[in-house]
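Participant: could you work out the structure for the sequence below:
(one chain, ligands or ions: 7)
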Amino acid sequence: MIGLAVLGYVSLLLLSATSYACTRVLQPGSPYGSIQPSQLRNLVTFGDSYTDHTAFKTSNMTAWPIYAASYSNASLYPFAKAGAVCSQAITPIPFPEVNLVDAQLPNYFNASLDLNMTESLFTLWIGTNDLGQLGLLTGQNTPGMSLIDTTACAVNWVKTLYDSGARNFLFQQVIPLQLVPIYTPESYPDRYWTAERNTTEWSITMEQYACTVVNLATFMLRDLVQTLPGAHVGIFDTYSMYTDMYENPQNYFNGTAPLNVKTPGKSCVFTIGESTTDTGNCTIAGPTDRDSFMWWDELHPSEQSARTLAKHVAEVISTGKNKWTTWLS
Ligand SMILES: *[C@@H]1O[C@H](CO)[C@@H](O)[C@H](O)[C@H]1NC(C)=O
Ligand SMILES: *[C@@H]1O[C@H](CO)[C@@H](O)[C@H](O)[C@H]1NC(C)=O
Ligand SMILES: *[C@@H]1O[C@H](CO)[C@@H](O)[C@H](O)[C@H]1NC(C)=O
Ligand SMILES: *[C@@H]1O[C@H](CO)[C@@H](O)[C@H](O)[C@H]1NC(C)=O
Ligand SMILES: *[C@@H]1O[C@H](CO)[C@@H](O)[C@H](O)[C@H]1NC(C)=O
Ligand SMILES: *[C@@H]1O[C@H](CO)[C@@H](O)[C@H](O)[C@H]1NC(C)=O
Ligand SMILES: *[C@@H]1O[C@H](CO)[C@@H](O)[C@H](O)[C@H]1NC(C)=O
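Facilitator: Ligands and ions are numbered 1, 2, ... in the order given. Here you go, the predicted structure:
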């Protein structure tokens with residue numbers, strides 16, 4: 001009996017050890033939520049430059065929400081803003097007028113959209129700025145604030161919208177930030193950071209931040225959904241999807257240049273200490289070459305990466321289920 005109990009305990013330990021890998025969605029959860037096919041007609045998006053549909057217009061890039069709405073015939077209500085963090089109170093950034101809590105949510109409420117909440121999906125993808133060189137990575141947080149606060153802030157977005165009537169949520173996890181060109185060990189001075197730094201240390205730190213935040217968010221959301229009757233909360237595992245894109249680029253990228261998951265399509269090399277308002281020494285992929293690249297610039301995913309994300313979010317909208325999505329409620 002005791003032997004069996006010990007064996008049971010050991011296998012439980014082993015099981016929980018595997019399920020804590022960053023690249024796995026934590027259970028319990030279900031790939032089948034209770035959202036019906038064709039139920040969703042509206043897509044309401046929040047986040048940072050990864051989601052802001054205006055951010056890369058001048059480079060002729062279309063953002064994922066526009067693709068997702070078009071692939072699924074949904075109406076798009078975009079509130080994401082480039083440069084955003086979750087809250088100025090946690091990680092004060094130079095552009096306070098864009099953050100989620102003080103700008104995007106008030107903009108949404110002020111818009112007084114008359115949405116049928118059964119038919120509306122709310123998405124949030126935030127964290128790169130909170131964790132990165134504008135935020136925690138370089139200690140630019142309010143004293144005492146940490147990964148716990150940035151994650152709780154993002155998770156609380158669900159609660160705020162739920163209290164106003166929203167019911168369907170897709171929470172997009174952070175990506176493996178250590179793979180973003182600015183956060184790799186091979187990183188060079190770029191338009192987002194030219195000061196001297198130890199790129200190996202940045203990379204190690206961003207990997208720990210991203211892995212921790214993915215799992216913290218999952219735990220916090222699992223707690224929160226217990227208190228939200230009638231809500232449907234899905235976790236979109238952007239972390240694993242991006243890891244898969246990095247490891248199996250042939251399944252995702254289709255441009256006319258050799259596939260490239262390391263160097264951005266628009267790579268601009270600066271010198272150490274150079275002003276970030278300079279242009280740098282740029283190599284820019286042409287219109288058909290760019291779809292070979294995972295990253296557009298040193299900090300942002302490419303348009304083809306955006307199309308992949310859009311395809312999967314569109315599948316959530318159209319069918320209610322998707323391979324990267326786990327429903328907690
Ligand atoms: C964007 O596309 C338009 C139309 O195809 C083209 O005229 C323009 O040069 C492009 N701009 C950039 C920055 O690639
Ligand atoms: C979107 O609408 C078009 C035209 O009405 C239709 O052909 C297509 O099947 C629709 N797609 C989805 C995913 O509903
Ligand atoms: C709220 O919306 C109204 C009408 O669109 C606009 O005039 C006003 O400036 C907005 N207020 C804020 C605080 O955004
Ligand atoms: C909202 O949408 C649902 C599902 O499409 C529908 O059954 C319901 O009648 C709609 N509610 C209103 C107030 O239009
Ligand atoms: C950068 O950080 C790594 C990891 O801490 C360390 O091994 C390496 O020596 C550092 N490089 C320099 C130039 O300080
Ligand atoms: C790559 O695939 C996307 C669809 O995912 C398509 O829109 C795009 O035109 C393709 N790019 C090239 C260069 O063929
Ligand atoms: C810019 O980069 C290219 C390719 O890496 C290099 O050949 C060239 O010398 C660089 N130009 C300057 C002004 O540094």
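Participant: when you work out contacts or count neighbours from here on, use the C-alpha atoms and nothing else.
Facilitator: Will do.
Participant: contacting residues for K262?
Facilitator: 179-181, 294-295 (C-alpha atoms under 8 Å, 6 or more residues apart in numbering).
Participant: the same query, at a cut-off of 6 Å, please.
Facilitator: Counting by C-alpha atoms under 6 Å, 6 or more residues apart in numbering, K262 makes contact with nothing.
Participant: that one falls within a strand, correct?
Facilitator: No - with DSSP: H, G, I helix; E, B strand; the rest coil as the criterion, K262 is assigned coil and is not in a strand.
Participant: can you show me the strands along the protein?
Facilitator: 42-47, 75-78, 120-125, 168-172, 232-236, 266-269, 281-284, 325-327 (DSSP state E).
Participant: what sits closest to A68 if chain neighbours are left out?
Facilitator: A310 (4.3 Å; C-alpha to C-alpha, 6 or more residues apart in numbering).
Participant: which one is whichever residue of the chain sits closest to ligand 2 nearest to, not counting chain neighbours?
Facilitator: Evaluated by C-alpha to the nearest ligand atom, the chain has S72 as its residue closest to ligand 2, separated by 4.2 Å. In space, and not counting its chain neighbours, S72 is closest to A314: 5.1 Å by C-alpha to C-alpha, 6+ apart.
Participant: tally of neighbours for that neighbour?
Facilitator: 25 (other C-alpha atoms under 10 Å).
Participant: contact partners for it?
Facilitator: Here A314 is in contact with 68, 71-72 (C-alpha under 6 Å, 6+ apart).
Participant: go again with 8 Å.
Facilitator: 68-69, 71-72.
Participant: read off the pLDDT value for G33.
Facilitator: pLDDT recorded at G33 is 71.
Participant: I figured it hits N322, correct?
Facilitator: No - assessed by C-alpha atoms under 8 Å, G33 is found out of contact with N322, at 9.8 Å.
Participant: so how many other residues sit close to the residue in the stretch 201-329 of the chain that ligand 5 sits nearest to?
Facilitator: Closest contact between the stretch 201-329 of the chain and ligand 5, by C-alpha to the nearest ligand atom, is at E201 (4.8 Å). Using other C-alpha under 10 Å, the number of residues around E201 comes to 13.
Participant: once you drop chain neighbours, what's closest to it?
Facilitator: Here the residue nearest E201, using C-alpha to C-alpha, 6+ apart, is P185, at 7.8 Å.
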